[in-house]
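Engineer: model the structure of this input:
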Amino acid sequence: MSSANNSKPTVLRMVMLAMMVAIGVVISPILRVEGMCPMAHLINITVSVLMGPWYSLLCAVMIGVIRMLFMGIPPLALTGAVFGAFLSGVLYRVSGGKLIFAWLGEIIGTGIIGAIVSYPVMTYLVGRTGLTWMFYVPSFIGGTLIGGAIAYVFLKALSRSHMLGQIQSALGVKVYDRKND
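Structural biologist: Below you'll find the predicted structure:
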């Protein structure tokens, strides 16, 4: 196999990552509910399934940093995304490619872990007062349920049309048997 063929999945992954970051930055403020960012969860789960946990984590960090730098978003852009992004990809892989586990990873990672980590960050680093350690949990879980449902429907449609496996294959990612979903 030539080196040009070996680099094709890598180039496609970088292009896909760049596109998902751009989409995440653009749609996050447009399709937002106060206290929730469901489109971030849609992006996290989609990248987790298409590219894996490390790319999903990188995508979440890049979107968060861009939103913080250029849109004045507080550190919640990071604490509310990175744990779910990574855990979504991990649970998807550990489950043998079951989409529901990607969603569950996002709910646990963002809705619970990210929400709880957000409390000390916002209290001690940003100086926000009147918060409890459970303050962000309801809105973060609400956002993950909404964005996760959209991601699940989208990825399920890709799976039924056999496009999900084709995209994963083109990206050089493990393709799972979709009969289990």
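
Engineer: what pLDDT does the model give the most centrally placed residue in the chain?
Structural biologist: When the chain is reduced to its mean C-alpha position, the nearest residue by C-alpha atoms, centre = their mean turns out to be Asn44, at 1.0 Å. pLDDT, the model's per-residue confidence, is 95 for Asn44.

Engineer: check Ser2 too.
Structural biologist: Reading off the confidence values, Ser2 has pLDDT 47.

Engineer: follow-up on the earlier one: so the residue nearest to the centre of the chain belongs to a helix, correct?
Structural biologist: Yes: under the criterion used here (DSSP: H, G, I helix; E, B strand; the rest coil), Asn44 sits inside a helix.

Engineer: these two touch, right, it and Thr110?
Structural biologist: Yes: applying C-beta atoms under 8 Å, one finds Asn44 in contact with Thr110, separated by 7.4 Å. Every C-beta, even on glycine, is put in place using the N, C-alpha and C of the backbone.

Engineer: would you mark the buried spots in stretch 84-101?
Structural biologist: Neighbour-count burial for stretch 84-101, with 16 or more other C-beta atoms under 10 Å as criterion, is recorded at 84-93, 95, 97-99, 101.

Engineer: what residues does stretch 112-121 touch?
Structural biologist: 75-76, 79-84, 87, 131-137, 139-141 (C-beta atoms under 8 Å, 6 or more residues apart in numbering).

Engineer: got it, and stretch 131-142?
Structural biologist: Counting contacts by C-beta under 8 Å, 6+ apart, the residues touching stretch 131-142 from outside are 33, 35-36, 76, 80, 107, 110-112, 114-116, 118-120, 122-123.

Engineer: re the thing from before, helices - which of the contacts of stretch 112-121 land there?
Structural biologist: Among the contacts of stretch 112-121, the residues falling in helices (DSSP state H) are 76, 79, 82-84, 87, 137, 139-141.

Engineer: tell me the buried residues in stretch 43-57?
Structural biologist: For stretch 43-57, using 16+ other C-beta under 10 Å, the buried residues are 43-53, 55-57.

Engineer: likewise for stretch 143-163?
Structural biologist: For stretch 143-163, by 16+ other C-beta under 10 Å, it's 143-148, 150-152, 154-155, 158-159.

Engineer: make a markdown table from these and add pLDDT, distance to Met14 and secondary structure to it.
Structural biologist: Output for the buried residues of stretch 143-163, formatted as a markdown table (pLDDT from 0 to 100; distance: C-beta to C-beta, whole Å; DSSP: H, G, I helix; E, B strand; the rest coil):
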| residue | pLDDT | distance to Met14 | secondary structure |
| --- | --- | --- | --- |
| Gly143 | 89 | 28 | helix |
| Thr144 | 92 | 27 | helix |
| Leu145 | 94 | 31 | helix |
| Ile146 | 91 | 29 | helix |
| Gly147 | 92 | 24 | helix |
| Gly148 | 94 | 26 | helix |
| Ile150 | 95 | 25 | helix |
| Ala151 | 96 | 22 | helix |
| Tyr152 | 97 | 26 | helix |
| Phe154 | 97 | 22 | helix |
| Leu155 | 97 | 21 | helix |
| Leu158 | 96 | 21 | helix |
| Ser159 | 94 | 24 | helix |
